[in-house]
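Peer 1: next input, structure requested:
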Amino acid sequence: MIDLNTSTNPKSRFISEKQLSKNRWYYIAEAGIEYLISLLITDAFLALLLTSNGVPDSAAGIITELAAFAFSAQLVSVFFRKRKGMKSFITILHLINQVMFVLLYFVPVFNLPSSVKVVLIVVMFLGGQLIANIVSPYKISWFMSFVDDQHRGSFTANKEIVSLAAGTVFSMAMGSISDYYKALGKDDVYFGICAATILVLAILHMLSIILVKDVKDDAAGDKQHVKFSTALKKTFTNKALLALILMDVIWQFGSKISLAYYGVYKNNDLGFSMKYIAFLSILSAVSRIAFSRYFGKLADKYSWKRMLGICFGIAAVSFAVNIFTVPSNGKVMFAIYSCIHAISMAGINSGLMNIIFDYVPTDDRAPALGIRTALGGVSAFVSTFAGAFIVHTVQSRGNVVFGMAVYPQQILSAISTVICIGVVLYMIFVVEKLQK
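Peer 2: Numbers count the residues shown, from 1 in each chain. Here you go, the predicted model:
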């Protein structure tokens, strides 16, 4: 395990080693708290909120992936590079977006027409995601500046392990609470508990950022404006970065076309209880924890591109499992999928960010991350419309295709499998040949 108390970071010239170590611990805390909040606004928890308010499956999938569309807000990061006041910039924007997530769960409590509730839920969800994505490239680049480059793999693995461990307990608790109030027919009470929980977490999240000490060498100026055209030129003339962006675009489309509809699949067709869904989250977390440090060390020893190629292959296997997942075997097969997919994400989650750092100078990382994530997010969002068409078409035919009984998620999983295999081939024949 990386020792968070020692550093060869060049910023140690401007700030004590002790404070650098504290900053890294605050980053781990910040990421963990933000992960807990994200659990309540994604997947089955968000699907429950939507379907409880009369949103059909196909529409729920699209709304869920508005988070992917919100990634386009990261294009804002190419307009300027903030230097002075980074901490306040991040804190204020995160506070606003998390208040919107609190209001997201307060909407069902009010006696309003279902159509009005759905509109308000979408507005709060999309608004919160847009603001979160505006600040994301700056926050990641800023926090990662406290981490030595040669230890990025191990550090991000340890950071993820803490988040997943906390998320495991959290998911089980919230899932149990959900099932309890659902059995009583009091979903509104549960939604109120979710709102209060997010509020408490938002306060803790804000403190984890405030406690970070700004590095003096980043206080040289207020902000430097960067022309949008200049940022785009830098991005699209960097052949290595362009290849990585295309990789991310393909991966996001291939994975999200299925993932967007797994939440409603678990809730409706497979008939899982929220407690069992929480158990699946625990299973996923344990699997990711078991492999996060291994993949981090693999990336530090060899390269991020080699590690990512392996993980994309594992992801293809996970989606292949769900081609055969139906209500009669759902609990077993989806559990197998959850384990395998979690193992793949143990490397993919950190790899997509860190591989950019290998090919982009420090000063250009925030804009590069913004453009890469924005384009990947748009790709993911577009994939949900393709997925919605397939879901609607199959369901309108009584889940029968060519005379065979099939669920739309099985077809989506097959598409994801093929695309993931394509990404692996792209990694082998294109990305592996990139020069730093």
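
Peer 1: only C-alpha atoms from now on, for both contacts and neighbour counts.
Peer 2: OK.

Peer 1: got a list of what I177 touches?
Peer 2: Y190 (CA atoms under 8 Å, 6 or more residues apart in numbering).

Peer 1: at 7 Å what do you get?
Peer 2: Residues counted as contacts of I177 (CA atoms under 7 Å, 6 or more residues apart in numbering): none.

Peer 1: for the helix or strand containing it, the distance to its chain's centre please.
Peer 2: Element membership for I177 (DSSP states H and E) is helix 152-183. Taking CA atoms, centre = their mean, to the nearest Å, the mean C-alpha location of helix 152-183 is offset from the chain mean by 14 Å.

Peer 1: next secondary structure element downstream of that helix?
Peer 2: Once the chain leaves helix 152-183, the next helix or strand it forms, by DSSP H and E, is helix 187-210.

Peer 1: give me the contacts around that next one.
Peer 2: For helix 187-210, contacts defined as CA under 7 Å, 6+ apart pick out 26, 29-30, 33-34, 37, 87, 91, 95, 98, 102-103, 105-106, 108-109, 178, 181.

Peer 1: angle of the helix holding I177 against helix 187-210?
Peer 2: Orientation check (axes from the mean of the first three to the mean of the last three CA atoms, to 10 degrees): helix 152-183 against helix 187-210 gives 160 degrees.

Peer 1: any idea which helix or strand comes after the strand or helix carrying P367?
Peer 2: P367 is part of helix 365-396, with elements assigned from DSSP H and E. Toward the C-terminal end, the helix or strand that comes next after helix 365-396 (DSSP H and E) is strand 400-401.

Peer 1: and S383, how far is that from A243?
Peer 2: S383 sits 20 Å away from A243 when distances are taken as CA to CA, to the nearest Å.

Peer 1: ok, the two, which is more surrounded?
Peer 2: Using other CA atoms under 10 Å as the criterion, S383 and A243 rank with S383 on top: 23 against 17.

Peer 1: show the pLDDT at that one.
Peer 2: pLDDT recorded at S383 is 93.

Peer 1: right, and it touches S255 too?
Peer 2: No - in this structure S383 lies outside contact range of S255 using CA atoms under 7 Å: 8.8 Å.

Peer 1: give me the neighbour count for L211.
Peer 2: 12.

Peer 1: circling back: so which elements touch the helix holding P367?
Peer 2: Judged by 3 or more CA pairs under 7 Å, 6 or more residues apart in numbering; DSSP states H and E, helix 365-396 is in contact with helix 57-64, helix 66-70, helix 114-144, helix 239-264, helix 408-429.

Peer 1: where in the stretch 201-350 of the chain is pLDDT low?
Peer 2: 215-232 (pLDDT under 70).

Peer 1: try the stretch 51-200 of the chain
Peer 2: Applying pLDDT under 70 to the stretch 51-200 of the chain picks out residues 58, 61, 65, 67-85.

Peer 1: could you redo the last one with a cut-off of 80?
Peer 2: 54, 56-86, 109, 137, 149-152 (pLDDT under 80).

Peer 1: which non-adjacent residue is nearest A285?
Peer 2: L164 (5.2 Å; CA to CA, 6 or more residues apart in numbering).

Peer 1: nope, P408 is what I was after
Peer 2: Distance criterion CA to CA, 6+ apart; nearest residue to P408, sequence neighbours excluded, is V391 at 5.1 Å.

Peer 1: the one you found: neighbour count?
Peer 2: 23.

Peer 1: so the residue nearest to A285 sits against L283, correct?
Peer 2: No - with contact defined as CA under 7 Å, L164 does not reach L283; the gap is 10.4 Å.

Peer 1: look at those two and report which has more neighbours.
Peer 2: L164 (24 against 18).

Peer 1: any idea how far that one lies from F312?
Peer 2: 20 Å.
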